[in-house]
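> coordinates only, sequence not included:
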């Protein structure tokens, strides 16, 4: 016997037994399924909508675009600034890509030399694109799908792939 009562005994017993909370498991399952759906939708986007999606992701993440979006710009699809950290970023967006193409853009980024970060975003490749370069972020479709869910863009994405 104790001198106090336990309000959420089921929670306490799960913690003691190291059992997962069923509601949390449901939430994790739904998030995982949502990412899978987002991934399939992303792979159906044409290159213009994919560029727009990437622009929306960065905008919702606090980055500000300082250039036109894609189109006829040489070497880059987006130029961004992060007002809080004062960083600048070069963003290249590709629907389909391969390692050699990424390496070419990495060389261009290095030669340019005035930006803090390179984001290389693609949704389809014959094999994963990799780098060990500092301040270079490679986003595959899986990373974009996670951002879509985290930033509340699934509705926008769904509307583009009707």
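Sure thing, it's come through. Predicted model, so just to flag it, every value in this text is computed and none were measured.

> and the longest helix belonging to the chain, what does it pack against?
Using DSSP state H to define each element, the chain has its longest helix at helix 22-42. Applying 3 or more Cβ pairs under 8 Å, 6 or more residues apart in numbering; DSSP states H and E, one finds that helix 22-42 contacts helix 141-150, helix 154-160. C-beta: built from backbone N, CA, C; applies to glycine.

> 10 Å instead, please
Helix 22-42 is packed against helix 47-60, strand 117-125, helix 141-150, helix 154-160, with contacts defined by 3 or more Cβ pairs under 10 Å, 6 or more residues apart in numbering; DSSP states H and E.

> want to throw those into TSV with mean neighbour count and mean pLDDT?
Shown next, in TSV, are these (neighbours: other Cβ atoms under 10 Å; pLDDT from 0 to 100):
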stretch	mean neighbour count	mean pLDDT
helix 47-60	18	96
strand 117-125	21	96
helix 141-150	20	97
helix 154-160	14	95
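
> out of these, which is closest to residue 24?
helix 141-150 (16.4 Å; Cβ to Cβ).
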